[in-house]
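Visitor: Task: produce atomic coordinates for the following.
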Amino acid sequence: MNSKRYIKDILQDHGYPFYERLMEHRGDALWMDDGAKYHTSKIVQEYEKALFIHRMWWPAQSPNLNPIENLWRIIKLRISKRRHRIQSISEMEEVIREEWAKLTPNDWQKCIKSIEKRCRLILKARGGAINY
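Guide: Here you go, the predicted model:
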């Protein structure tokens, strides 16, 4: 992944349309990613600024805080139960899509509700990693 591909494949095709819908529906939104270099490069910042995308500051490499990491963990655990059947990249993609579709609102809500507790633990650890 690089900045130009991130803009084209993520922001243009999916991220910004989703962000716009949130803005229309709720009147406010924040864009969140993990702070990787291609998320915070000058070209990406200029693109987001031109489209008035308000970005939430997020430290790089912070899976302890990002709820999507917890959803990926759920998917990985579910896939590991059937991994022996997966024999190609296209088959893996299909399985990931299937497991993603099986995620329930309860799965998402548990991940989001856990953020407050994780933030307290990270503050207690002075920004260090936590076991979560």
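Visitor: can we go C-alpha only for contacts and neighbour counts from here?
Guide: OK.
Visitor: Run a quick neighbour tally on residue 71.
Guide: Using other C-alpha atoms under 10 Å, residue 71 has 18 neighbouring residues.
Visitor: Now do the nearest residue to residue 3 once chain neighbours are set aside against residue 111, distance only.
Guide: Nearest residue to residue 3, sequence neighbours excluded (C-alpha to C-alpha, 6 or more residues apart in numbering): residue 38, at 4.5 Å. Distance of residue 38 to residue 111, given as C-alpha to C-alpha, to the nearest Å: 25 Å.
Visitor: Pull out the CA atoms of the strand or helix carrying the residue nearest to residue 3 and give them to me as CSV.
Guide: Per DSSP states H and E: residue 38 is located in helix 37-40. Coordinates of each C-alpha in helix 37-40 appear next as CSV, following Å, rounded to 0.1, in the frame of the first residue of the first chain:
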residue,chain,number,x,y,z
LYS,A,37,2.7,6.6,6.9
TYR,A,38,0.5,6.3,3.8
HIS,A,39,-2.5,7.4,5.9
THR,A,40,-0.7,10.6,7.1
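Visitor: roughly how far out does it sit from the chain middle?
Guide: Relative to its chain's centre, helix 37-40 lies at 14 Å (C-alpha atoms, centre = their mean, to the nearest Å).
Visitor: Please list the residues outside that helix that contact it.
Guide: By C-alpha atoms under 8 Å, 6 or more residues apart in numbering, the surrounding residues in contact with helix 37-40 are 1-3, 6, 33, 44.
Visitor: same question, stretch 24-31
Guide: 19, 22-23, 53-56.
Visitor: Quick one: buried ones out of those?
Guide: 19, 53 (16 or more other C-alpha atoms under 10 Å).
Visitor: Mark which of the contacts of stretch 24-31 are part of helices, please.
Guide: Judged by DSSP state H, these include 19, 22-23 as members of helices.
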